[in-house]
Each structure stands twice: as C-alpha cells, then as structure tokens.
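A.B. asks: sequence first, predicted model second:
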Amino acid sequence: MPQPQDKQSLIASAQSDYEALIGAIETADAEALATPFLPSDKPAKCTTFQQGNDVKDLLVHALEWQRLQSAFVANIRKGEPKDFIPEPYRKNYKEMDQVNFEKHRSTSLESAIVMLKESHAEMMRLIETFSEEELFGKKVFRVTYTTTMAAYFMSVTCQPYTQSLKKLKSHLRDIKKLNKK
C-alpha cells in the first residue's frame, strides 16, 4: 500500500494493517501462537524480533510504542511538548524495548490482544482529532522537528502491524515445516 498522503488514507492504512494482523492471529492455531519463535539466520530489523520471543511480544511491542504516541500527543496538547522517546532512552531505544519486554513477561497473549485492540482504537481516535495540516504539515509542532505527525502515527500503527504480520506468517510457516518432519 502506498504511503498515506491524507488523513483518510492514513486511517484506512492503519485500520487495514491492523485488521490483517488481528485476522491472522485470530485464525492461527493456538499452539503455534504460543510457540516461541524459532531462531533465524536472517538479521531482524526490529529489536523485538531479535530477541526470539513470541507473538505476544510483537503485540506488546506495538502497544508500548502506541502508549508513547499517546503520551506524546497528550504532552503537546497540554502545552508541555516532550520528545517522543523518553529521556533515559533517547540514545538507546533498544534498552527501552527490553524494559517493556520485561514489563510484559507475565502478560498473556489474550491480554496482549485485548490491550492492543484498545490501544489501536485510541490511536484511531487520536488521528481523528488532528486536522489534515496538523497531520501532514512539517514543523507544525516544534517537537516533531522536520517529521510530520502522520509519520509518528504510521510508525506506531502501520509499520509495526506490517512487520508483525510478516513475522507471524514466517513463524507459522516455520511451525508448519517443523510439524511435517
């Protein structure tokens, strides 16, 4: 899908990518979903994928980044803009991902799905509150620097949903191959 260029295409893209991910999870075999990812020869683009975790960890990774987005927007609206990445992690957000991973160690897959559904709905509500110019204009908000607010929303919705779906499909193929042996 091409990069969204307006509010409606951003909403449509985020919703479509979300539905594809949730649909794949809901139709997948429960045992395969609970199975940890198998080691891979390919270097992972995302820290979550490097850790060799499981499907739940993909979801809580997206969830925690969406929570950052929610706080980012809230701070802008309160007139107290702060950078997207919290202070202790600005130079090493992989460390933040590891902290979030540890935070959700006991979170179940079912809970992660529910929390992501709620968080996704919040992201969609937040997008709706911005004007076209606020979403796609550069330097509208000082704290977004030369990036658009839409890019921030894409980085916590479309991109992790797409990456997670790819990882999920790969995982399900790996499990299927393993079960054939």
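C.D. replies: Nice, I can see it.
A.B. asks: all helices of this structure, in order?
C.D. replies: Residue ranges of the helices in the chain, as given by DSSP state H, are 7-27, 30-34, 47-50, 55-77, 93-103, 109-129, 132-136, 149-156, 158-180.
A.B. asks: so which of those helices comes closest to Phe84?
C.D. replies: Nearest to Phe84 among the helices of the chain is helix 55-77 (4.9 Å), distances taken as CB to CB. (Each C-beta comes from the backbone N, C-alpha and C, glycine too.)
A.B. asks: tell me the angle of the closest one relative to helix 158-180?
C.D. replies: Angle of helix 55-77 versus helix 158-180, following axes from the mean of the first three to the mean of the last three CA atoms, to 10 degrees, is 170 degrees.
A.B. asks: now the angle from helix 55-77 to helix 149-156?
C.D. replies: Using the same axes, to 10 degrees: helix 55-77 against helix 149-156 is 160 degrees.
A.B. asks: pLDDT weak spots in the chain?
C.D. replies: Scanning the chain with the threshold set as pLDDT under 70 gives 1, 40-52, 181.
A.B. asks: export the helices of the chain to JSON lines and append columns for distance to Pro86.
C.D. replies: Listed next are these as JSON lines, based on distance: least, CB to CB, whole Å:
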{"stretch": "helix 7-27", "distance to Pro86": "23"}
{"stretch": "helix 30-34", "distance to Pro86": "31"}
{"stretch": "helix 47-50", "distance to Pro86": "16"}
{"stretch": "helix 55-77", "distance to Pro86": "8"}
{"stretch": "helix 93-103", "distance to Pro86": "7"}
{"stretch": "helix 109-129", "distance to Pro86": "17"}
{"stretch": "helix 132-136", "distance to Pro86": "23"}
{"stretch": "helix 149-156", "distance to Pro86": "15"}
{"stretch": "helix 158-180", "distance to Pro86": "18"}
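A.B. asks: and Ala121, how many neighbours?
C.D. replies: 11 (other CB atoms under 10 Å).
A.B. asks: correction: the previous question concerned His61.
C.D. replies: Using other CB under 10 Å, His61 has 25 neighbouring residues.
A.B. asks: so how far is Ala112 from it?
C.D. replies: Between His61 and Ala112 the computed distance is 10 Å (CB to CB, to the nearest Å).
A.B. asks: just Asn179 next, same as before
C.D. replies: Counting by CB to CB, the gap from Asn179 to Ala112 is 24 Å.
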